[in-house]
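Engineer: From the sequence below, what's the structure:
(one chain, ligands or ions: 1)
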Amino acid sequence: MGILKGKTAIVTGGGTGIGLAIARRFCEEGAAVVICGRREDRLQAAAAGMTDGPGRVCAVRADVTVEEDIRRLIATAEEKTGRLDIVVNNAGVMRFGKLDEVDPAQWELLLKTNVWGPWRVMVAALPALRRAGGGSIINLSSIAGIKAFPATGLYCMSKAALQTLSQVMAMEAAPDKIRVNVICPALVEETELADPIFGREGVPQFYDTLRPLHPLGRNGRPADIAEAALFLASEQSSWVTGVLLSVDGGRHLATNRPVI
Ligand SMILES: NC(=O)c1ccc[n+]([C@@H]2O[C@H](COP(=O)([O-])OP(=O)(O)OC[C@H]3O[C@@H](n4cnc5c(N)ncnc54)[C@H](OP(=O)(O)O)[C@@H]3O)[C@@H](O)[C@H]2O)c1
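Structural biologist: Numbering: from 1, shown residues only. Just a heads-up that it's a prediction; the model follows:
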């Protein structure tokens with residue numbers, strides 16, 4: 001307990017799913033955590049559930065596709081806690097559709113949210129991270145940024161772009177002792193990511209279909225990703241930058257054949 005004591009972290013999309021688990025884990029380890037998202041009710045419920053740990057949490061309604069919101073988010077973190085050490089670019093959206101069928105408007109949605117947002121958040125956070133003497137940026141990609149999945153092309157493309165952007169930033173920010181790493185999960189349950197595609201009621205069947213494709217025999221849980229994020233946020237990874245860390249039950253090794 002307490003390996004993030006004295007640190008301040010921002011977690012975008014911290015009101016639900018993976019971001020919520022990361023924010024909670026960072027709080028347990030003593031960090032002051034600022035979560036953001038667009039839905040006030042999700043943020044308030046998340047913050048209310050994190051009051052008993054040693055860390056502190058603050059919710060800021062902010063959209064990562066809006067530059068002004070990003071600036072306000074970073075400024076709030078520094079104003080409230082006096083510093084910024086960790087930034088988790090977790091906010092993201094997923095949509096399905098074959099490349100010759102998908103609505104072209106989804107190009108804008110996916111690139112703006114999954115790539116432009118993290119880029120602008122990183123850029124806006126750099127001065128504060130420098131003032132803190134260095135820091136850790138963690139970007140949430142996906143196995144979809146590494147492998148080609150049919151009918152998921154624009155999402156794959158957005159996550160692959162985020163990975164490259166992260167690695168360039170890792171090179172550019174290294175002289176300032178700012179590390180930039182990427183987590184690539186496979187299917188993680190208990191999130192809202194697939195709701196717009198399958199509807200809440202259709203999601204369990206989606207989970208059941210993908211479960212056998214993970215060599216370790218189960219889908220992920222938000223807490224699995226939170227543990228990896230904690231490692232990358234902490235001094236325990238002080239000589240790690242620019243990595244694409246697969247946290248995926250071995251899914252990146254697998255073919256589409258179920259384990260038999
Ligand atoms: N679940 C998986 O299987 C899986 C696998 C691989 C990678 N990932 C990645 O993990 C990350 C977290 O996803 P999740 O699975 O936890 O899904 P989730 O529950 O849907 O979380 C996504 C969060 O992002 C926020 N968000 C979306 N657009 C935003 C915007 N423009 N500005 C601010 N916040 C925004 C959402 O809140 P609001 O709607 O209130 O803004 C939501 O809280 C995503 O980047 C996703 O691509 C997930």
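Engineer: Is the longest strand belonging to the chain positioned near the ligand?
Structural biologist: Counting by DSSP state E, the longest strand found in the chain is strand 178-185. Yes: judged by C-beta under 6 Å from any ligand atom, strand 178-185 and the ligand are in contact via Pro185. No exception for glycine: its C-beta is placed from N, CA and C like everyone else's.
Engineer: The biggest helix by length in the chain versus strand 178-185: what angle between them?
Structural biologist: Counting residues, the longest helix found in the chain (DSSP state H) is helix 153-173. Per axes from the mean of the first three to the mean of the last three C-alpha atoms, to 10 degrees, the angle that helix 153-173 makes with strand 178-185 is 160 degrees.
Engineer: Looking at the stretch 51-200 of the chain, which residue is nearest the ligand?
Structural biologist: For the stretch 51-200 of the chain, the residue closest to the ligand is Gly92, as judged by C-beta to the nearest ligand atom, at 2.3 Å.
Engineer: what about the nearest residue to that residue once chain neighbours are set aside, neighbour count?
Structural biologist: Nearest residue to Gly92 in three dimensions, chain neighbours excluded: Asn114, at 5.0 Å (C-beta to C-beta, 6 or more residues apart in numbering). By other C-beta atoms under 10 Å, 27 other residues sit near Asn114.
Engineer: helix/strand/coil for Asn114?
Structural biologist: helix (DSSP: H, G, I helix; E, B strand; the rest coil).
Engineer: buried stuff in the longest strand of the chain?
Structural biologist: For strand 178-185, the neighbour count (16 or more other C-beta atoms under 10 Å) marks Ile178, Arg179, Val180, Asn181, Val182, Ile183, Cys184, Pro185 as buried.
Engineer: so which of the residues you listed comes closest to Asp85?
Structural biologist: Among the buried residues of strand 178-185, Ile178 lies closest to Asp85 (C-beta to C-beta), at 9.8 Å.
Engineer: quick one: the closest one and Leu126 touch, right?
Structural biologist: Yes: using C-beta atoms under 8 Å, Ile178 is in contact with Leu126, at 7.0 Å.
Engineer: any idea where the helices of the stretch 51-200 of the chain begin and end?
Structural biologist: For the stretch 51-200 of the chain, applying DSSP state H, counting those that start in this stretch gives helices covering 67-81, 105-111, 117-131, 153-173, 195-198.
Engineer: quick one, what contacts the residue nearest to Asp69 when sequence neighbours are not counted?
Structural biologist: The shortest distance from Asp69 to any non-neighbouring residue, by C-beta to C-beta, 6+ apart, is to Ala62 (3.9 Å). Residues near Ala62 by C-beta atoms under 8 Å, 6 or more residues apart in numbering: Thr12, Cys36, Gly37, Arg38, Asp69, Ile70, Arg72, Leu73.
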